[in-house]
Each structure stands twice: as structure tokens, then as C-alpha cells.
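Chemist: sequence and predicted structure are below.
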Number of protein chains: 2
Amino acid sequence: MMNTDDLKYPGSRRIYVNGTLHPSVKVAMREVVLEDSLFPDGTKERNEPVRVYDVSGPWGDESFSGDVEKGLPKLREPWIAERGDVEVYDGLTGKALRGKGGKPVTQRHYARQGIITPEMEYVAIRENLGREQAFKAVYDRFPSEKSRPQEAQEVLDYLGTGMGRPSDLEKEPGFSTRSLTQRARLDYQHVGESWKGGRMPAFFTPEFVREEIASGRALIPANINHPECEPMIIGRNFLVKINANIGNSALGSSIEEEVEKLRWGLHWGADTVMDLSTGKNIHRTREWILRNSPAPIGTVPIYQSLEKVGGMVEHLSWEIFRDTLIEQAEQGVDYVTVHAALLQRFVPHTARRMTGIVSRGGSIMAKWSMIHGRENFLYDHWDEICELLAAYDVGISIGDGLRPGSVADANDFSQLAELEIQGDLTKRAWDRGVQIMNEGPGHVPLHLIRENMSKQLEWCFEAPFYTLGPLVSDIAPGYDHITGAVGGAIIAQEGCAMLCYVTRKEHLGLPDREDVREGVVTYKLAAHAADIAKGHPGAQVRDNALSKARFEFRWEDQFNLSLDPHRARAFHDLTLPHAGAKKA
Amino acid sequence: MMNTDDLKYPGSRRIYVNGTLHPSVKVAMREVVLEDSLFPDGTKERNEPVRVYDVSGPWGDESFSGDVEKGLPKLREPWIAERGDVEVYDGLTGKALRGKGGKPVTQRHYARQGIITPEMEYVAIRENLGREQAFKAVYDRFPSEKSRPQEAQEVLDYLGTGMGRPSDLEKEPGFSTRSLTQRARLDYQHVGESWKGGRMPAFFTPEFVREEIASGRALIPANINHPECEPMIIGRNFLVKINANIGNSALGSSIEEEVEKLRWGLHWGADTVMDLSTGKNIHRTREWILRNSPAPIGTVPIYQSLEKVGGMVEHLSWEIFRDTLIEQAEQGVDYVTVHAALLQRFVPHTARRMTGIVSRGGSIMAKWSMIHGRENFLYDHWDEICELLAAYDVGISIGDGLRPGSVADANDFSQLAELEIQGDLTKRAWDRGVQIMNEGPGHVPLHLIRENMSKQLEWCFEAPFYTLGPLVSDIAPGYDHITGAVGGAIIAQEGCAMLCYVTRKEHLGLPDREDVREGVVTYKLAAHAADIAKGHPGAQVRDNALSKARFEFRWEDQFNLSLDPHRARAFHDLTLPHAGAKKA
């Protein structure tokens, strides 16, 4: 059994913020409670609690007495029922919901009709971190609020030449310390940089969320058969999200062990979890995970399809894949990776690569195409896949089976040819109401990252980009969570919506719990750095609060505001273990 | 005593490459010996050894039987003597060398006269990693070698729109897999991106090194009293360098313990080491370190000055500082941080900051100025400092005492005002023959990093930039080596010449050996990622060799080519410990 004390964030409490359009919406957040500031003259100043994004779900509520056998409360059940467009039927492995007559029941479908769902309001409140008003940041160089958008744009155009020479400023009549913006305040925030048409608002309204989903720039992965899922949004005009993979062992895990892995991943901050389990118990493992996950669960259905044919790629078929998709959609999987853009004619080009095809899904489909001399059946059945998944609101992550596996192979013909097809498939999926994102590299050197983002935005019509890494070098096995976080921070800053984490065991072995912790926290850090850079209105306040605590030697607050309070405290205590050393 | 087995790189051997202009130049390198490639048809292919940059000095030569009491061989002694411009004299704590009559004996002084020193040739060979010919990379998009420079520039201008649509390429007559560049070859390298006038050559000549030093764009920190030092260069048109700080404990360390810390730092790849020791034994500790360091040693002399006045800032004076400078110059310190650009009038502006002044040297000088109501004495005596140090060839790193200590304070008036003064001081130091670099931030969000580099290049006349971090967020105590490496990779890509590492104990406590390892390797990784991005001609071959080994399941070669072979192997063996699992 796990020690659930370690799953608690110290100095924190759970709060809920209510919806207004939909009163049944109650958005969970964590609030870090801070000490007062004590000044040398004996005066005190109260520090407001800081609200942080919380993906731990009911598990993070002390009043919840979870029972993994029963699963989590079905938060979304009434919302789904109220829409009146679903039917219960006997699915492949039990009763399931789907859109009446197989019609789309996707968030995209509603958004296009102008409907603001409870899921959309939930997301708006969540992204605002509970703030009820538009963000009022203090911008150093743009004192006039009225004209900010235009001026902010100018800074973007001339980034790097913001402030003139300080010696010129000093010559201005009346220049004094008071001419400068006060930075010692919690709401000080730098102007963000939105790249290529990004539009980060000062406040997230439900209508803004709806527009982003309707346009395809964002998705809320939320299968109607996963009512336990707390809505979250993936899109470049929102907080950057991260995904953690868990691969469950094939044999002998207990229900508690499987759920424990999930809970640790969420505890450290994974926004979605991909279940890459193999072996005989795939279905049962996934059932445990889905019923106990407040976060969207993604899968790669070709893996289970391959299990069904005993690992013999040549025996794969559209029918086997289709049935697997249905099985997973009925269970509640929120998004699936489908390697449909890897066309048969691209495969020979990988022979000139340093590292060929490194994606497992990509290798499977390439091999199938080569054996049968036929086009990838996922491509051939794309419209059918989309129609099928729209009836459950399963999102599709279009796989990048030809992603580069080395710096040398970055941005080559194979990779970019597949990306272009991802764009075609994106449009076709949107026409069928499906929520879409595109998967990206891989191994890419620093200076070629922007090309990936730029082409994806153009060729895939601003659909959300979801990238692995990118790893900016190949020479750091054992440190590839860092190699990946460097690239991840950069691509996220330029508009990548979600990062798939890499652990330090990448290329070497299977991650254990400490590897998952290190990987998730590292990627949270990369995502957060990008949030600040993009000017997400809720991002910098946590940095400000922590820095203020640091400046005032409020050690407990520093620990509690950090991404990994347990580690921060442990490292501190190695040098200065006494309680007195934690006070000013 | 240390286990010196752990200080060996597996599968590696020491080699030396001889100079031609100066036959006494013998440049140490490490060569990683690789296994043959074995193909399914039974054929073999030989893999050439890969040469990597090696900072371990004589300690990395198996035939060297070091004796820390005696110190390292005095490699540069004959070079210094042959120039005939130094004199031996009775210094403050023993015999020392200085320029005859106090005249400059700096590498800059020689370079300006058109003299190529042995140090300059050493550096050229070192940066080429022993290659004897110009780098011939295969550029994907620029098949014509003749026109490359112009075209390479075009790629920079249009970065992000390199390759057109693959579907258009496919329509071209005769398009086939053979139309694409072969990437599965060790000399494949991406075109680099040089920012704002960087000029990375395909081959480093001694004359190129001389030009870069004469222009001030680079420096070779090499005090004539540190003849044990193997020359290395800091400049943006060379490999990005990293510095590791060691802070020795005040009491009771043995000579072996101090040298051991140094050796571990160098083993993992620190290019220079700053000795930030405090306490009573500063002088003796530094002596041990200098006599046993093949790498340049930097210090912050104001720290020792403060020890001399019992920690009472108000008692500091120019005379005490000057004598400390002379003492350290006579001992052999290769570069010193001097916080001379922090002017009295800038200090009040820090009151509006989130975290005030966080640099220790900056705090000392600000406090001194405030107590005495006088200008910073380091500024007032700048020309004297320069003249004094030029007679030993001690480089100056102009400190950034007002660097931001939080994301909120990044790029504010105080920071930039000091940077502008750094530029003035740079010019004055150059006029006196001194080798110079500038120190930079600090805590800076991702999107504001470029402004730092841009202004430093402009205001400081392209003098090398040496930055701490920059840390791109404040909320990751315990992970700040990563927060810093993300910013470090970016600023290095844009032209920062040297990165000062940050350990995961930053803000929390004192680093131990594992923290130093994690910090140095993480920063090597960041620096290397930038080397690839900038197109350093020797950078990508190691990635290519490792990726090829990975693709061929040559596990031993993967480990041996990695930045931390011991960790790579250990992680691998946790999952697949059997020897058989290390063969294809």
C-alpha cells in the first residue's frame, strides 16, 4: 500500500470554484496558504493564498475516502445526460454510451453550434485559476492599459530592443526611482510573446473556450464513457499541458498498484496520462485506470491490436483495429494516437536516415505496408475512424510514426511529408466533428525547433501540436529528461500545446517511480517557463510569491510553493536541518 | 582517498596532437574507441574512434603518476620564458612572475601585434578536436559547397521555412529517395545558426584564434603564474564553455580532499573552475587548487578582501582590495570577477525590485557605497586594476552585481544600467591590454533572454558574455540545474560564450559531489546543444556516432560516447543487467 502522506502537498488546501452558466460546475484547485511577512520594525503583512492548478482530482480532497474498486464519482454524468443526445447500448464488453444513431457528441460539435457546455465553463474557470476578474498585470514598458494590445505587439516585433539605453533614461527630466514600475508586487507580470497569431487573453471566458474549440485550435479530450474525467483543455492559447506515459506490467499487478502509478503521475502534475500497457491484461488494467482517473487517458490502439494477433504484424487488419477502437471508446479512453499519416511511399525514404523509424506505432504500420505492398489501412479508413470516434467524443492524436530518432534525422523529408498528411487528415477529421491534435518530434537540434512549429501551424491549420521532447542532443543518455525539457520549453514557448514527458531512463530502460517524478516535475517546469513567456495571465504570480518568500526567508512558503515541496525541503534540510533555519 | 577508477572514462584513451607553428604544443584529447558494426549478413564495418574535448589534464593520462603535493607539470613555463618579457620578483607571499616593468604580457597584447602564441595554436587544435582539415559537412539543403556561405545566411534569414512542401518536391521530375541527402553518415551536420554577426568557421586556424582575441571577441584566461594551465578559449565563435564553482570549507580539509573536488568537476567536463572559498585558509586552499589545475581558475577577490577585514564591509578599502588582487595574481589566478560596474546611483532603484540585490559581490559593494556615501571604489580605480592585472595576464570578468534574482526583476533598469557601464569598462580595459568578459543574469524568463544577449553584444562591443543560468522560472527549487540549463542552452545558442553552472541545491544548500556531477553534466548538455545549433564543426559527429551505435544496438559504444557513461550504464543495467543485453 502506498503512503498517502507523501501524496499530500504541505501547507495546501483544496478549494472549489463554482460555475455561473452551469451551477453544477465545481472546479477543484489547490490553494497554498502562506505565512505573514515579518518586517524588521515588527510589523506584519498578510500574504494572500496562491491558487495553483490541481490535477489530483477527488484524490486531492481530504474529505474524499476513495475506494479504487468503486472508482471515482461520475462528475460529468449529469452533463452528458442533460444533452439528451446519447444512448446506452450493449457494447463489446459491457454497456456503453454513444451518440444516438452514431451521431457526433463531441465538444467540437457543440462548439460549432454555439453551445457552451459545462466542460467549457469548467475549463475557463480552471485556466483562470479561480480569478473572477480580468488579469491586471503591471507592464513595465506599457503603462497605458488602453493601448496595450498594439504596444504589446510592437514589443513582439522588436523583441530584444525593449528598453533603450539606461543612460538616456537618466537624462530625462524628473527621472527618479519612482519613474520605474514597482516590481515588488504579486501582480507584476512581463508582457508575453505570442508567436504566429497566438492570442493569449487576459481572462478566459467560457465563450473564448468555445471559440478555440470551434476553430480547432484547442480540444477537451473527454469521452462520454469517462464521466470521472475533470475537463481540461489542450491548445496554445491556454496553459501548456504535459503528458506522462505509464506502461503497466503484463502480469500480476494488483488494482492498487496500477492506480498508485496513476496517482503519483497526477500528483506531480501530469495533465493527461497515456496508458501504453502491453500483455494479456490490457483491457482490465485500462478499466482500473479509467475508473480512477480524473485526467484524460490516452492510448495507442495499434498496440492492443497487435496483441490480439499474437504480435504478428502481417496479421493486423482494419477489422481488428476497428474493433479495438470500439472496445476502447466504449471503455472511456479520451484520446487515441492513430498513425494514419505514415504513407507507404514515405517508408523507403527512411533508408537514408541515421536511425530509420523509431516510433513503435510507425514501425508497425511501415512493416505492415511493406509486407502487404498496400497503403496504410489507417489512412484508407480515416473517415470511418473519425465517424466512429465522434460518436463517443474520443479525440484523435494523429501520430508521427516517422519522427526523427536522432539529431541527424531532424526535419527531413520523411518527417515533413508525414506532417503534411497530418494536415490533410486534420481537416477531414474536423469535418466529421472530431477533436484533433497532431503529434510531433522527437530529436531536433535547438535551432530547428521553430521550423517544426511553424510548419505544423501552417500545414495543420493551427490544430494543437503535441510533441515528444524534442531532444536537442543525442549524447546524454541518463539525462534525457533534461535534453527533452530544453527542447520542450522552446517549442512550447512557440506554441506547442502539450509536451509528452521523457524520463531519464529514455533509451536505457523502464522508468521507476523516482524517474516518473523527475520527469514530470522537469516537464512541468518547462511548460511553466513557456506559460510565463507566452504571458498566460495566471502564470507568473506563483513565481512572484515564491520569490517574495525567498527574499523574506520564509522557507516553509518557499517549499510549499515549489513544484516539488518534498524535495525542496529535503535538500534544504541536508545543509540546515534545524527548524530555526527555516525562519527569517 | 578517492576511487580513481571512477575517474576513468571507459573505452577511451588519451592522445596528443602536435602543433606545427610551435612544435612544443601537444594538445591532449580523449579518443573513444568503438566496436565494429555487425550486419545481419555477417559483414562488418569499422567505426573510427571519436575524439572528444578533454579537460582532465595530466590526470587523464594513464601514464601520469600525479602527486598533489608537487602539483602538475608546468606546461607553459617555456612558452612564457621564451617571450622574454617577464621578470621574477619577490611577491607578497613568495617569488612570482610579472611583465617586466609592469608592462602587459596578455594574450590580447600579443594578438594585437600579430603574434600567434603557443597558447593560440593550442586552442585552435583543441577546438578542431584534432581534425587536420576543414570540416566537410553534408548540408541537406545546400548541395553546392561553393555557394554555401551565402545560402547558409539565407537559411538564417528565413529560418523555419527551410524545406518547401514535400508534396511539391514529390512532383519534381525524377524525384526519388536518392534525391535526398544521405543522413546515415558521421559527417552529416545541420547548417548552424549564427546570430548577430557570429562567424563560426569550418576550421579553426591559429590566425583565426589570434583575430578573435585581438578583436576582444574571445579570451584565453592564462595567468603567467599558472603555467600548469592548458590553454582554452572563451568566445562565441568557439565551443560554448561551462564553469563550475567550488566553495571549499573553511576548516580542516586536507590537500587531497580539495584537489579531489577539483578533479571531479573537471572529470565531468567543467572548462573553468571558480574557487569561491571562504574562511581562514583561502590562500592555502587556492594554492593547492592552482598547482593541480589544468583548467583556468577564477575567483571573486572581494570575498577574500572581506575576510581580511573580518567581514566588516565598512572597513573595505581600495588598498586592501589591491593587495588581494596582487596576492591572487602572483599565485596564478586566471580570471577575477570585479563588480566595478555597479554604480552608487543605481542602488536605490533596487528598492522597487521583488528580490533586491542577490549577488554577494553586488551586495558588498552596494552596502559599501551606501555606508560611505561614495562611488564604488572598484569603479574609481578601474584603470589601475586593469594596469595591474595586465602585467600577469589575469583576465577580468566584469561582475553583474545587480543581476535579477527573480523572474519579476529580469531586464529591469538596474540590471541594464549596470550592463551599459560594463561596456564602458570593457573598452577601457581593452585599451590597457586586458582580456575581458562580462557577467550576466540570473533569473530571466524565456522570451526575455534574447534581449540580454542582444544588448550585451551591442553595448559591450561583442566582448564574451558569461552568464549564470539564466533561470527561466522561480518555482523549481531542487530542480534549478534544469531551470538554468533551459535558459543556458538558449542564451548560448544566441552567442553567450560561457555558462556558469547551477546545481540542484541552488537556493537550498551546499552542493555535494553528486550535485556537482548532475550540474556539470546538465550544463555540458546545454552547451553542446548550443554548439550543434551554432554549427560548430566538431559538434554533431559525437551525436551521430552515438545515434549510429544506438540504431545498431552497440550498447557499450552508446555508454562510452555519452556525457556520463557510468550513469548510462547503471540505468541500463537496472532493467537489463545481462551482458548479452548489451550486444545487438
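Modeler: Yep, that arrived.

Chemist: what's near enough to touch the closest residue to residue A:456 other than its chain neighbours?
Modeler: Nearest residue to residue A:456 in three dimensions, chain neighbours excluded: residue A:465, at 4.9 Å (Cβ to Cβ, 6 or more residues apart in numbering or on different chains). (C-beta placed from N, C-alpha, C; glycine too.) By Cβ atoms under 8 Å, 6 or more residues apart in numbering or on different chains, the contact list for residue A:465 reads A:236, A:437-438, A:440, A:452-453, A:456-457, A:491, A:495-498.

Chemist: next one: phi and psi at residue A:465?
Modeler: phi -100, psi 140 (degrees, to the nearest 10).

Chemist: bridging residues for it?
Modeler: Here residue A:465 sits in beta bridges with residue A:438, going by DSSP bridges.

Chemist: and it, what's its pLDDT?
Modeler: Looking at residue A:465, its pLDDT is 98.

Chemist: does the spatially closest residue to residue A:7 that is not a sequence neighbour lie in a helix or a strand, and which?
Modeler: What sits nearest to residue A:7 in space, not counting adjacent residues and going by Cβ to Cβ, 6+ apart, is residue A:267, at 5.2 Å. Assigned by DSSP states H and E, residue A:267 belongs to helix A:255-268.

Chemist: tell me which residues are up against the helix or strand following that helix.
Modeler: Later in the chain than helix A:255-268, the nearest helix or strand by DSSP H and E is strand A:272-275. Applying Cβ under 8 Å, 6+ apart, the external contacts of strand A:272-275 come out as A:221, A:232, A:234, A:241, A:243-248, A:262, A:265-266, A:285-286, A:289, A:293, A:295-300, A:334-335, A:337, A:498, A:500.

Chemist: can you list the strands that strand A:272-275 pairs with?
Modeler: strand A:241-246 (parallel), strand A:297-299 (parallel).

Chemist: hmm, who's touching the shortest one?
Modeler: This points to strand A:297-299. A:221, A:226, A:243, A:272-276, A:286, A:289-290, A:328, A:332-337, A:397.

Chemist: again, only using 7 Å
Modeler: A:226, A:243, A:272-275, A:289-290, A:328, A:333-337, A:397 (Cβ atoms under 7 Å, 6 or more residues apart in numbering or on different chains).

Chemist: chain B: which of those is nearest?
Modeler: Checking the contacts of strand A:297-299 against chain B by Cβ to the nearest Cβ gives residue A:243 as the nearest, at 18.4 Å.

Chemist: and of the contacts of residue A:465, the nearest to residue B:562?
Modeler: Within the contacts of residue A:465, the smallest distance to residue B:562 is 23.8 Å, found for residue A:491 (Cβ to Cβ).

Chemist: so is the closest one in a helix, a strand, or just coil?
Modeler: helix (DSSP: H, G, I helix; E, B strand; the rest coil).

Chemist: wait, it sits on residue A:453?
Modeler: Yes. Here residue A:491 reaches residue A:453: they are 5.7 Å apart, a contact under Cβ atoms under 7 Å.

Chemist: of the two, who's got more company?
Modeler: residue A:491 (26 against 23; other Cβ atoms under 10 Å in any protein chain shown).

Chemist: not counting its neighbours along the chain, what's nearest the more buried one?
Modeler: residue A:449 (5.2 Å).
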